[in-house]
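[1] Got a sequence here, can you model it:
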Amino acid sequence: MTARIARGPAAAALLLLLGAACAPADEPLPPDAAEARQAVRNGTPATEDSAVVGIAAGGEVGCTGVLIRPRVVLTAAHCLAGHGADTVLAGPSAAEGVHVGVARAWSSPDDRAGAAEHDIGLLLLREPLDAAPVPLRAQPLTDEDAGRSVRFVGFGREDPDERGDARRMQGTAILGELGALTFSLTPSPSSACSGDSGGPVLDVAGGGEALVGLISRGDEACAERASAVRVDAHLGGFIEPLLAAIEQTGGQAGAPCVEAGNCASGLCLSPEDAPSFPYCSRACGGPADCPASMRCEGGASGTAQCRYARPSPGAIGAPCERDEACEFGMCARFGGELDGEEGATCSALCFPEDPEPCPHGGVCSPAAGAARAHGCRYEAPAPPAAAGGCAVGRFPPGAGPGGRWLALVEAGALVLGLRALRRRAASRRGERRRRTG
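    Residues are numbered from 1 along each chain as shown. Predicted coordinates:
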């Protein structure tokens with residue numbers, strides 16, 4: 001699954017990662033800001049860097065990543081766009097390595113095409129790698145670090161159209177201009193290019209190496225400069241909250257989860273109406289076995305489980321205060337009697353002229369605020385006949401998922417699909433301008 005975290009919509013969603021190239025094909029970059037196009041130039045084989053992996057789709061490596069936990073890889077966010085990547089390559093080359101499956105992926109919601117400032121993503125692997133993770137630099141970068149020699153590693157190719165056995169290479173460069181979120185690299189003598197995107201920039205001072213950045217983009221010729229995103233600038237808002245969510249254990253029914261190991265019961269559910277917001281559950285035999293905000297109902301296996309009544313947290317119609325609380329990245333107000341005193345609810349961007357504007361449910365309606373255009377407005381189903389079970393009905397503000405959900409949501413989780421929605425919205429606006437121009 002792919003999700004994004006921090007400001008923006010929802011938690012984990014279906015895995016949407018890189019295609020053959022690192023940049024999305026429908027978001028071309030200007031030459032001076034394009035992802036680097038070739039391999040590590042003036043580099044040497046990196047046979048010892050077992051923590052550096054290739055990010056692969058259908059067995060084809062297109063980007064680079066670095067292991068920071070036995071199952072956690074950091075890479076560039078633009079490597080998580082496009083077609084679905086299913087594995088990482090562990091080893092110095094395809095011929096000498098193995099592919100390990102990707103379970104889920106997240107990217108920063110602040111990432112924008114053509115910019116390096118938030119070009120950072122994280123992958124959770126299906127199994128741990130037999131490699132020592134690279135430590136993150138404990139101290140933030142300062143202006144005093146400018147001019148230092150750093151090492152970088154990647155799976156780039158000399159020819160971006162080349163297919164075949166990508167190899168892990170290394171090179172050295174000078175840490176140049178230091179920005180709040182990025183830094184530049186000057187070849188010394190090596191330079192980074194496209195397949196190296198997401199590769200680690202390592203601080204070689206102090207008797208050991210530590211991760212200071214990830215290769216993002218460079219000049220068209222891959223000869224003069226490259227840009228890297230700072231890891232230290234994304235620790236508190238992106239990396240650490242995700243690591244905490246991935247590594248948590250003992251979660252009770254209703255607590256957010258990433259996988260079954262996060263839950264005391266070993267049961268992590270992804271509700272059909274909000275699959276990006278999985279939560280811990282447990283088997284139940286009646287109302288007393290579930291928290292007050294959940295109900296006891298049968299699952300796909302036929303075993304009764306504690307579940308939130310629809311709309312589930314994050315689903316269209318669920319109460320919200322901000323976009324990041326919603327599956328489709330839209331928290332909207334519609335006004336009228338439908339909302340009553342509940343205020344804003346989760347929605348999804350829609351276009352009334354489409355044959356099926358709200359395939360995920362709701363009615364395409366004008367949302368408050370010109371920037372919101374139209375959104376899918378929730379329509380409550382007819383109430384079911386009275387039956388046994390836990391309390392039904394929508395959870396009130398502050399209840400339902402509880403503070404743990406809100407804490408995780410505020411820490412972040414944004415579905416990468418929001419980028420697709422935004423691109424589609426921009427495309428539709430362009431079509432309208434052409435029709436009316």
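[2] Show me how far stretch 111-120 is from its chain's centre.
    13 Å (CA atoms, centre = their mean, to the nearest Å).
[3] no, scratch that, I was asking about stretch 248-260
    How far stretch 248-260 lies from its chain's middle: 19 Å, per CA atoms, centre = their mean.
[4] in the sheet, who's paired with the residue nearest the centre of the chain?
    What sits nearest the mean C-alpha location of the chain, by CA atoms, centre = their mean, is Trp106, with 1.8 Å. Beta-bridge pairing for Trp106 (DSSP bridges): Ala3, Leu122.
[5] can I assume Leu267 is in contact with Glu259?
    No. Here Leu267 does not reach Glu259: they are 10.7 Å apart, not a contact under CB atoms under 8 Å. Backbone N, C-alpha and C define where each C-beta goes, glycine included.
[6] Ser191 and Arg230: what is the separation?
    19 Å (CB to CB, to the nearest Å).
[7] okay, those two: which has more neighbours?
    Taking other CB atoms under 10 Å, Ser191 and Arg230 do not tie; Ser191 has more neighbours (28 against 23).
[8] beta partners of that one?
    Arg41.
[9] Ala226 is in contact with that one, correct?
    Yes. Using CB under 8 Å, Ser191 is in contact with Ala226, at 6.2 Å.
[10] Any regions of the stretch 101-250 of the chain where pLDDT drops low?
    Along the stretch 101-250 of the chain, segments meeting pLDDT under 70 span 158-164, 205-206.
[11] 90 - rerun?
    Residue ranges of the stretch 101-250 of the chain with pLDDT under 90: 104-116, 138-139, 156-167, 188-195, 204-208, 217-226.
[12] would you list every one of the strands in it?
    121-125, 149-154, 169-178, 182-187, 200-203, 210-218, 226-230 (DSSP state E, counting those that start in this stretch).
[13] Quick one, which of those gets closest to Phe238.
    Across the strands of the stretch 101-250 of the chain, Phe238 has its closest neighbour in strand 121-125 (7.5 Å, CB to CB).
[14] Now tell me what touches that closest one from outside.
    Strand 121-125 has contacts (CB atoms under 8 Å, 6 or more residues apart in numbering) with 55, 65, 71-77, 79-80, 88, 100-108, 111, 198, 238-239, 242, 246, 258-259.
[15] Please save the CA atoms from it in CSV.
    Coordinates of each C-alpha in strand 121-125 appear next as CSV, following Å, rounded to 0.1, in the frame of the first residue of the first chain:
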residue,chain,number,x,y,z
GLY,A,121,9.2,8.3,1.0
LEU,A,122,9.3,5.1,3.1
LEU,A,123,8.7,1.5,2.4
LEU,A,124,7.8,-1.4,4.7
LEU,A,125,9.1,-4.7,3.5
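[16] quick revisit: would you format the strands of the stretch 101-250 of the chain as JSON lines with distance to Ala367 included?
    Below are those laid out as JSON lines (distance: least, CB to CB, whole Å):
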{"stretch": "strand 121-125", "distance to Ala367": "30"}
{"stretch": "strand 149-154", "distance to Ala367": "43"}
{"stretch": "strand 169-178", "distance to Ala367": "41"}
{"stretch": "strand 182-187", "distance to Ala367": "35"}
{"stretch": "strand 200-203", "distance to Ala367": "42"}
{"stretch": "strand 210-218", "distance to Ala367": "34"}
{"stretch": "strand 226-230", "distance to Ala367": "33"}
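[17] Specify the stretch among these that is closest to Pro355.
    Of all the strands of the stretch 101-250 of the chain, it is strand 121-125 that lies closest to Pro355, at 34.0 Å by CB to CB.
[18] in the closest one, what's buried?
    121-125 (16 or more other CB atoms under 10 Å).
[19] Tell me where this structure has helices.
    Secondary structure of the chain (DSSP state H): helices at 240-247, 402-411, 417-436.
[20] Just give me the lowest mean pLDDT stretch among those helices.
    Ranked by mean pLDDT, those bottom out at helix 402-411, with a mean of 37.
[21] about what we covered before: of all the strands of the stretch 101-250 of the chain, which lies closest to Glu297?
    Using CB to CB, the strands of the stretch 101-250 of the chain put strand 121-125 closest to Glu297, at 28.9 Å.
[22] so the closest one versus strand 210-218, what angle?
    Orientation check (axes from the mean of the first three to the mean of the last three CA atoms, to 10 degrees): strand 121-125 against strand 210-218 gives 120 degrees.
[23] so how far is strand 121-125 off the chain centroid?
    8 Å.
[24] Measure how buried Cys290 is and give me the count.
    25.
[25] Present the buried residues of strand 121-125 as TSV; the columns should include distance to Cys320.
    Listed next are the buried residues of strand 121-125 as TSV, based on distance: CB to CB, whole Å:
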residue	distance to Cys320
Gly121	25
Leu122	24
Leu123	28
Leu124	26
Leu125	32
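[26] circling back to that earlier point, closest one to Ala131 among the strands of the stretch 101-250 of the chain?
    strand 121-125 (11.2 Å).
[27] Run the angle between the closest one and helix 240-247 for me.
    10 degrees.
[28] Report the beta-bridge partners for Val102.
    Beta bridges link Val102 to Leu125 when assigned by DSSP bridges.
[29] how near is Ala113 to Ala51?
    Per CB to CB, Ala113 is found 28 Å from Ala51.
[30] picking that back up, next, work out how far apart the residue nearest to the centre of the chain and Leu242 are.
    As for Trp106, its distance to Leu242 is 6 Å (criterion: CB to CB).
[31] So Asp196 sits against Arg157, correct?
    No. Using CB under 8 Å, Asp196 is not in contact with Arg157, being 9.3 Å away.
[32] okay, those two: which has more neighbours?
    The residue with more neighbours, out of Asp196 and Arg157, is Asp196; 36 against 24, by other CB under 10 Å.
[33] From Cys376, how far off is the more buried one?
    Distance from Asp196 to Cys376, by CB to CB: 41 Å.
[34] Below-threshold pLDDT in the stretch 301-437 of the chain: ranges please.
    The model of the stretch 301-437 of the chain has pLDDT under 90 over residues 301-303, 321-325, 329, 333-343, 360-362, 367-373, 378-437.
[35] repeat that with 80
    Under the criterion pLDDT under 80, the flagged ranges of the stretch 301-437 of the chain are 301-302, 335-342, 369-372, 380-437.
[36] Strands of that one, start to end?
    In the stretch 301-437 of the chain, the strands defined using DSSP E, counting those that start in this stretch lie at 304-307, 330-332, 345-347, 363-366, 374-377, 414-415.
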